[in-house]
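**Student:** This is a predicted model, with the sequence first.
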There are 4 protein chains.
Amino acid sequence: MQIGMIGLGKMGFNLAQNLKDHGHEVIGHDVNDEVVEEFIKMDGIHGAHSLEELTQKLTGRRVIWLMVPAGTITQSVMDQLVPLLNQNDIIIDGGNSRYTDTLLRYQSLKEKGIDFLDCGTSGGMEGARHGACTMIGGEDAVFAHCEQIFKDISVDNGYLHTGAPGSGHFVKMVHNGIEYGMMQSIAEGFEVLSKSNFNLDYEQVARVWDNGSVIRSWLMELTQRAFSKDANLDEIRGKMFSSGEGKWTLETALDLGVPTPVIALSLMMRYRSMEDDTFSGKVVAALRNEFGGHAVVKS
Amino acid sequence: MQIGMIGLGKMGFNLAQNLKDHGHEVIGHDVNDEVVEEFIKMDGIHGAHSLEELTQKLTGRRVIWLMVPAGTITQSVMDQLVPLLNQNDIIIDGGNSRYTDTLLRYQSLKEKGIDFLDCGTSGGMEGARHGACTMIGGEDAVFAHCEQIFKDISVDNGYLHTGAPGSGHFVKMVHNGIEYGMMQSIAEGFEVLSKSNFNLDYEQVARVWDNGSVIRSWLMELTQRAFSKDANLDEIRGKMFSSGEGKWTLETALDLGVPTPVIALSLMMRYRSMEDDTFSGKVVAALRNEFGGHAVVKS
Amino acid sequence: MQIGMIGLGKMGFNLAQNLKDHGHEVIGHDVNDEVVEEFIKMDGIHGAHSLEELTQKLTGRRVIWLMVPAGTITQSVMDQLVPLLNQNDIIIDGGNSRYTDTLLRYQSLKEKGIDFLDCGTSGGMEGARHGACTMIGGEDAVFAHCEQIFKDISVDNGYLHTGAPGSGHFVKMVHNGIEYGMMQSIAEGFEVLSKSNFNLDYEQVARVWDNGSVIRSWLMELTQRAFSKDANLDEIRGKMFSSGEGKWTLETALDLGVPTPVIALSLMMRYRSMEDDTFSGKVVAALRNEFGGHAVVKS
Amino acid sequence: MQIGMIGLGKMGFNLAQNLKDHGHEVIGHDVNDEVVEEFIKMDGIHGAHSLEELTQKLTGRRVIWLMVPAGTITQSVMDQLVPLLNQNDIIIDGGNSRYTDTLLRYQSLKEKGIDFLDCGTSGGMEGARHGACTMIGGEDAVFAHCEQIFKDISVDNGYLHTGAPGSGHFVKMVHNGIEYGMMQSIAEGFEVLSKSNFNLDYEQVARVWDNGSVIRSWLMELTQRAFSKDANLDEIRGKMFSSGEGKWTLETALDLGVPTPVIALSLMMRYRSMEDDTFSGKVVAALRNEFGGHAVVKS
């Protein structure tokens, strides 16, 4: 199948190669011309230097995969793309769009006669390249038209038509919420290990935990890999960035009235890690000093 | 190797079979005679109706694996067993003993000349039967004497000499703390799914998440399996029992000054699940009524 | 001063009496005619059966206090009220509006030439009647025009011009977030007391804690009062409703990147209290059964 | 009444003065001789340079108040003191001893014929000097003998015979758990304020919140006081030390199966504040890098 790929970053670039390996014809576009140049050097891959060129190179019912940052960029690309499309052309948003945005976009595209699928894509760069996990929301007929794509780029049993439009991004968002919790769980465990008197080899512990234990998981495999490169993680600081999906999961839980303490705390410890000192800590320290005369640390 | 197995419950029974499959001679004992009878019906497995019989049937430097409930039962079995042993016989505590208890027992046995290994055993019943994950603490020479046992009963790369006595149970304890957090993470995610307007097939979601996603894991595989048997878990109540290791991990974290919010909350939500109503809830409801005249639900 | 009061519920009714006691002329309106009838029975209080009547009875630069439920009702009342107002008439929103809504309303009214103050009002019904705590956001000149009102209805030192428009509702929102945390703190403490083996008199404990201790507070006084009426709170269930401000505080914290674990958990335990059983609990119970054969409670 | 006071630190010194003001004869002892010298300079106060001197100066049924650090020091002082006492002399432990230690000490003293009261003392230094809150556990007759002491040093309604031995320290411990939660609640609220775009005067906000609001409390009064000295708390760092009682409350809750998320997180955020970087943060950062290629901050 002929597929337009907009956004050739870490994920899009790998997905395009993955698609090509499965016999699809990929025409890639990126806002960065140099990336496009790099892209088309690959055997059997085509590039487009503009959205116009991209849409012109696609024939018949177009299928265009967006792999760009969620939010304003996704919206902006769609706004430019839609006027170039014909009725029933298909946009697949493979990025991490907030599902509530996706619902609005689906409606808006529907009114214009453009078909749409929202695809949550998991598995990291390795997955994008060699077999991802894809969760797809959208109308049955549109999904059916594209099913082979998802089947090809995913590992066995690794794609699912989750249901109505928006459900793909919704399921992916919750996946990331779980991911936050799992990562924080592993991280807390290793911090307990690190503070103990036992002289443990973290890489070996991660290795044994990844083989046969209840907590064996890809994240534990990656934990082993990280420790294999830097035995005590001395080279990096514990700054835990976050890019939205954990927050959205929490906000969604708040709207639905679901208690999600672990997801909430996983996110909050990330926020906390971005602060070198905290105003809340100052307040508590000041209060202890006021009522009990407890010493404070001067800044 | 000849191995005595004390405790033929879910874990010990399976471990014994696993050992036998690998060519070891197992002599099993259980406080419940009927279990012993059942046990010895298996081809190539021997039984003992008392600790005396067990120790008499073992020749040379004895290796005795304890697979009994942690705490007073483990202590009681050891107290009865030790007088029947010779110098340098080896006790392996394969159960979920608290590592601080283990440290005391190691010292006590050391003074009596009995060798000791603490083995944290993970992987559930399936692991015990077909390939477990084992984390072993103890002196190098004692470990070396028994290493083949651990290698045989574990999956590839699934055993580790974690270090000094107590470290096996310590690492297993932390493993279980992580397990609590991972399970709660998954559980929270599915509750968010369940409250959404999307009509999701939980088994299929668990299936897709277990194939290629960042959160693929044995626990996700088991989640799929659980939903395959009961699509909405209608048949069970959400009572989350806990058996100690999560609490010990948290207590250890408190002693070490390690913030472990996710492990803490995973345990606390289990506690909360055991209550049908809460005194704390009554207090908050009463306070809202006092200051704001907000209605309360009468009991 | 002449003041129109729209909304004669628990808070508005008491505030109107409070205003009257301080020599203000109050004209009250409520969507419920019977409430208006009841209202005007009070000596020195006037009523209006419609917004038109209300605005006609107010002379000069009108000051109208809205004390209606936040959200769509507040918006709807404003939409009906504004066409009846003159330039520089003043609307005071004394309810619990979300400060982001308040910011939009301020802008919208500004464009129409209507002045506006947002007033967070704390202290419960007793405070409304006998001396409240008021936090007022708005332009300096508008605040100055109304300052005497806030001074009169508040306790000594109990009113503050917090700053720019929206800041009154913002500060009140955060106040409620703190309130959630304080209430949950007290509640958890009493649940620990209730599970201990000591046979404690909760009312007496609350009483002693309210006199001289570090945690003496109005909430502790109310705790004593609640226990004085129902020694073990046997008559009420622990259903903890929430009405928005705690959630908004948390959502704001998430937007600002502030870790607020205590406010988050206070809200989540409220959500949890509304569930008799949880889907998350079912998932954890099912998983424990899958890997360890642990028994589940059948529903 | 004649009272021996052992330990003339911040709390003991103030309590001794408080007792003297109420007509009691205080004989004070401290391990630090200079403190004793300072002490006896006060009008109407007596000192003792040793436990022997202290016990000799007390006549009849001795009443000795211990105000020394909990744990080994309290135990050590008791061990030295008891041989110097007669049957039915009374030791009051006014410090923050863990209630489980208190239960053991009560039993041990009981066997020796020494009477004992455990007194949780709250209210900070100001309370100790001018009116504290005291929670007293112990046998009825022993309490009755000493009741006037507690009545005199406490504010009105500020003392309570909580019940059986140990209950005084237990109730005080839970009080401190609540205190942790309340302080963290206030602190989180102010951090939200500090990150907002509104230019708020923290002292004024604390002041208005302390007058008429639902969250008015002594802690809020102290918050105002702290901000009055250092408007943005620029001079102190947010290091939140903890001295045991919050941890014990949490450990007790874990033993009793009580979910106390707010108390738990209040403690954990204190632990977190003692770390400049975290191992858990490093693990999460490393994992994000592994699966998503997300940048890490180098150390």
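**Tutor:** Perfect, I can see it now.

**Student:** thought residue A:54 was touching residue A:8?
**Tutor:** No - Residue A:54 lies out of contact with residue A:8 (CB atoms under 8 Å); the separation is 11.6 Å. Placement of C-beta: from N, CA and C, glycine included.

**Student:** Show me the helices in the stretch 151-299 of chain A, by range?
**Tutor:** Using DSSP state H, counting those that start in this stretch, the helices of the stretch 151-299 of chain A run over residues A:167-195, A:202-209, A:218-229, A:245-256, A:261-273, A:279-292.

**Student:** Minimum distance to residue B:281: which of those helices has it?
**Tutor:** Among those, the nearest to residue B:281 by CB to CB is helix A:261-273 (15.7 Å).

**Student:** Give the bridge partners for residue A:48, please.
**Tutor:** Judged by DSSP bridges, the bridge partners of residue A:48 are residue A:29.

**Student:** Would you agree it is in contact with residue A:30?
**Tutor:** No - taking contacts as CB under 8 Å, residue A:48 lies outside contact range of residue A:30: 9.2 Å.

**Student:** what touches both of residue A:54 and residue A:8?
**Tutor:** The contact sets of residue A:54 and residue A:8 overlap at residue A:29 (CB atoms under 8 Å, 6 or more residues apart in numbering or on different chains).

**Student:** neighbour count winner among the two?
**Tutor:** Between residue A:54 and residue A:8, residue A:8 has the larger neighbour count (other CB atoms under 10 Å in any protein chain shown), namely 25 against 22.

**Student:** Excluding chain neighbours, what is closest to that one?
**Tutor:** Nearest non-adjacent residue to residue A:8, counting by CB to CB, 6 or more residues apart in numbering or on different chains: residue A:30, 4.0 Å away.

**Student:** ok, that neighbour to residue B:82 distance?
**Tutor:** Distance of residue A:30 to residue B:82, given as CB to CB, to the nearest Å: 71 Å.

**Student:** One more: residue A:5?
**Tutor:** 69 Å.

**Student:** quick one: which of those two has more around it?
**Tutor:** With neighbours defined as other CB under 10 Å, residue A:5 and residue B:82 compare such that residue A:5 has more, 30 against 16.

**Student:** who does that one bridge with?
**Tutor:** Note on residue A:5: beta-bridge partners by DSSP bridges are residue A:28, residue A:65.

**Student:** So it is in contact with residue A:20, correct?
**Tutor:** No - judged on CB under 8 Å, residue A:5 makes no contact with residue A:20 at a distance of 9.9 Å.

**Student:** which residues do the two both contact?
**Tutor:** Counting by CB under 8 Å, 6+ apart, the residues touching both residue A:5 and residue A:20 are residue A:26.

**Student:** Pick out the residue in the stretch 1-150 of chain A sitting closest to chain C.
**Tutor:** Of all residues in the stretch 1-150 of chain A, the one sitting closest to chain C is residue A:98 (13.4 Å; CB to the nearest CB).

**Student:** and the helices of the stretch 151-299 of chain A as TSV, adding mean neighbour count and mean pLDDT?
**Tutor:** Formatted as TSV, those follow (neighbours: other CB atoms under 10 Å in any protein chain shown; pLDDT from 0 to 100):
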stretch	mean neighbour count	mean pLDDT
helix A:167-195	28	98
helix A:202-209	24	98
helix A:218-229	21	98
helix A:245-256	22	98
helix A:261-273	28	98
helix A:279-292	24	96
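
**Student:** nearest to residue C:283, of those helices?
**Tutor:** Of all these, it is helix A:167-195 that lies closest to residue C:283, at 11.0 Å by CB to CB.

**Student:** check whether the closest one contacts chain C.
**Tutor:** No - contact of helix A:167-195 with chain C (CB under 8 Å from any CB of the partner chain) is absent, the minimum separation being 11.0 Å.

**Student:** That helix close to chain D?
**Tutor:** Yes - contact between helix A:167-195 and chain D, assessed by CB under 8 Å from any CB, occurs at A:183, A:184, A:186, A:187, A:188, A:190, A:191, A:194, A:195.

**Student:** Pick out whichever of the residues you listed sits closest to residue D:72.
**Tutor:** Ranked by distance to residue D:72 (CB to CB), the residues of helix A:167-195 next to chain D are led by residue A:195 at 22.9 Å.

**Student:** so the closest one makes contact with residue B:255?
**Tutor:** No - Residue A:195 lies out of contact with residue B:255 (CB under 8 Å); the separation is 9.2 Å.

**Student:** residues in contact with residue A:66?
**Tutor:** A:6, A:7, A:74, A:77, A:78, A:91, A:92, A:93, A:94, A:95.
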